[in-house]
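> No letters, just coordinates:
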């Protein structure tokens, strides 16, 4: 069932999104060689608590942390740990913020120190693919128009699109219908309506799109060990076009 949101409900989600975006701005200043993803996770937990917000991921199906921290070949759902980030790494920090019962979801990939041209290309193309997808998130289009915009651009830049994980509608629950794949043909799938709130969250890989899951049951890695990046926003479909609720 698709749950349309009222303007008042979207405004509540925007407030959660503003806290989330501000948190990412602070994280950006922390990312450097030597910092650990556990330090970032602990910062996020305190940052949200000070603002009356809650990290919705923590406890979700037993997930133990406030953030997902995915380094290099980890696609998503990586556990924060005490291993220092190294110069040349890339790391994606993903979180879902709950404020007054409403959610916002955003992931961002960060370079650590000086990264290779190949890694920078991965970050640049993944970020641009997100915004190309958002451009298609207008009333009357279909989910497949978002999917196709992302896939066609990513593959034109010789990157692959992860199939196993997709975007989704969001509101009072983290995962609502419909799903939002980042691949597939245009003009297919659910038609977009005013009041829908969705995440678009492309994960692009340098090598194969296929993944494997670590023994922890969460951490998803590329099958070939090549690197992956992700950028994600939560956005509302309005009569005036897409409104990003987590814009930094």
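Here it is on my side, so go on. Because the structure is predicted, anything quoted here is derived from the model rather than measured.

> Would you confirm that residue 243 belongs to a strand?
Yes. The assignment for residue 243 (DSSP: H, G, I helix; E, B strand; the rest coil) places it in a strand.

> Any idea how many residues pack against it?
Applying other Cβ atoms under 10 Å, we find 17 residues neighbouring residue 243. For the C-beta atoms, the positions are set from N, CA and C on the backbone; glycine is no exception.

> Might you report the residue contacts of it?
Contacts for residue 243 were tallied using Cβ atoms under 8 Å, 6 or more residues apart in numbering; they are 10, 14, 235, 236.

> Tell me the secondary structure of the nearest residue to residue 55 once chain neighbours are set aside, please.
Nearest non-adjacent residue to residue 55, counting by Cβ to Cβ, 6 or more residues apart in numbering: residue 66, 3.5 Å away. Under three-state DSSP, the three-state class of residue 66 is coil.

> Please apply the same query to residue 119.
Assignment for residue 119 (three-state DSSP): helix.

> how close does it get to residue 154?
Going from residue 119 to residue 154 by Cβ to Cβ, to the nearest Å gives 16 Å.

> Looking at those two, which one has more neighbours?
residue 154 (25 against 20).

> My reading is that that one lies in a strand. Confirm?
No. Using three-state DSSP, the assignment for residue 154 is helix, not a strand.

> quick one: contacts for it?
Residue 154 touches 125, 126, 129, 160, 161, 182, 202, 204, counting by Cβ under 8 Å, 6+ apart.

> In a helix, the last one, correct?
No. Secondary structure of residue 204, determined by three-state DSSP: strand, with no helix assignment.

> my read: it touches residue 163, true?
No. If you go by Cβ atoms under 8 Å, residue 204 and residue 163 don't touch, sitting 11.7 Å apart.

> And these two? Which one has more around it.
Counted by other Cβ under 10 Å, residue 204 and residue 163 do not tie: residue 204 has more neighbours, with 30 against 15.

> so the residue nearest to residue 55 touches residue 59, yeah?
No. At 10.0 Å, residue 66 does not count as touching residue 59 under the criterion of Cβ under 8 Å.

> Within the helices and strands, which one has residue 109?
Element membership of residue 109 [criterion: DSSP states H and E] is strand 102-111.

> ok so, going back, kindly indicate the member of the contacts of residue 243 with the most neighbours.
In terms of neighbours by other Cβ under 10 Å, these top out with residue 235 at 25 neighbours.

> Can you name the residues that contact that residue?
Under the criterion of Cβ under 8 Å, 6+ apart, the contact list for residue 235 reads 134, 137, 197, 198, 199, 200, 242, 243, 244, 245, 246.

> quick one: what helix or strand has it in it?
Counting by DSSP H and E, residue 235 is part of strand 233-238.
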